[in-house]
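1. everything below, folded, please.
(chains A and B)
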Amino acid sequence: NAGVTQTPKFRVLKTGQSMTLLCAQDMNHEYMYWYRQDPGMGLRLIHYSVGEGTTAKGEVPDGYNVSRLKKQNFLLGLESAAPSQTSVYFCASSYEQLAGGTDTQYFGPGTRLTVL
Amino acid sequence: RKEVEQDPGPFNVPEGATVAFNCTYSNSASQSFFWYRQDCRKEPKLLMSVYSSGNEDGRFTAQLNRASQYISLLIRDSKLSDSATYLCVVNMRYGGATNKLIFGTGTLLAVQP
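-> Numbers count the residues shown, from 1 in each chain, chains lettered A, B, ... in the order given. Got it, this is the predicted structure:
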């Protein structure tokens, strides 16, 4: 099992450019998540999906869009990149949400994005 | 008040020392608690879940105090390889019925030879 993979690993964009980050998992997990991690801020949830064909907004969704056309893939799009979107982006997946609680999340290796 | 708060450290300890981290959370309805470990420039990885009765995994012991809403992690006999950032993670109900994980900003541990 590869677990959770992310492409690309690094990217530099100019302000206004668009790009798509791809996350793939081979664990048959229902739930997938996109986070960003900034110094002193901790991981913040951008968008998430509770199953194929579903997406929902997280804590910081503005400027991002997502799609979950296949169960194993979760795409994060930046429509018009801004310097404030310079960050490390992590994708994660989990098998289920336990009654009243949350299952363990497994993370991809991250994408380091710089917007100039 | 932040939903999950941790002392950012750094905690500089010698090899073999015992070190403890605490974390407080704001939502009394939270039911899942975890410690994740994150190495420099790597992804977070689950270290251990935290159960109500407390649990131990080798040199690592996790405790939960629901009344005071804090979680602790104790590391005994520290190794150089324990150097990392330790993230306190708590679930929180978000957007209706869905639970989400809230991550603390992490506590940096540096074990010195």
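
2. every contact and neighbour count from this point should use C-alpha atoms.
-> OK.

3. surely residue A:108 and residue A:91 touch.
-> Yes. Contact criterion CA atoms under 8 Å: residue A:108 and residue A:91 qualify, at 5.4 Å.

4. now do the contacts for residue 51.
-> Here I'm looking at chain A. A:30, A:31, A:32, A:68, A:71 (CA atoms under 8 Å, 6 or more residues apart in numbering or on different chains).

5. ah, I was thinking of chain B
-> B:33, B:62, B:63, B:64 are the contacts of residue B:51 under CA under 8 Å, 6+ apart.

6. so which strand or helix has it?
-> Under DSSP states H and E, no helix or strand contains residue B:51.

7. and it, what pLDDT?
-> For residue B:51, the pLDDT comes out at 86.

8. how much space separates it from chain A?
-> 12 Å (CA to the nearest CA, to the nearest Å).

9. then residue B:25?
-> 14 Å.

10. number of nearby residues for that residue?
-> When neighbours are counted by other CA atoms under 10 Å in any protein chain shown, residue B:25 registers 25.

11. do residue B:13 as well
-> 18.

12. show me the contacts for the residue in chain A positioned nearest to chain B.
-> At 4.1 Å from chain B, residue A:42 is the closest residue in chain A, using CA to the nearest CA. By CA under 8 Å, 6+ apart, the contact set of residue A:42 is B:103, B:104, B:105, B:106.

13. quick one: stretch B:23-43 to chain centroid distance?
-> Its chain's C-alpha centre and that of stretch B:23-43 lie 5 Å apart, by CA atoms, centre = their mean, to the nearest Å.

14. where does chain A dip in pLDDT?
-> A:96-102 (pLDDT under 70).

15. so where do the strands sit in it?
-> Ranges of strands in chain A, per DSSP state E, are A:4-7, A:10-13, A:19-25, A:31-38, A:42-49, A:56-57, A:64-67, A:73-78, A:87-94, A:106-107, A:111-115.

16. for residue B:84, find the nearest of these.
-> strand A:42-49 (14.7 Å; CA to CA).

17. got the CA coordinates for the closest one in CSV?
-> Output in CSV follows, covering the C-alpha atoms of strand A:42-49 (Å, rounded to 0.1, in the frame of the first residue of the first chain):
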residue,chain,number,x,y,z
GLY,A,42,-1.3,24.6,13.1
LEU,A,43,-3.2,22.6,10.5
ARG,A,44,-6.3,24.2,9.2
LEU,A,45,-9.0,22.4,7.3
ILE,A,46,-9.7,23.8,3.9
HIS,A,47,-12.3,21.4,2.4
TYR,A,48,-13.3,17.8,3.1
SER,A,49,-15.3,15.0,1.5
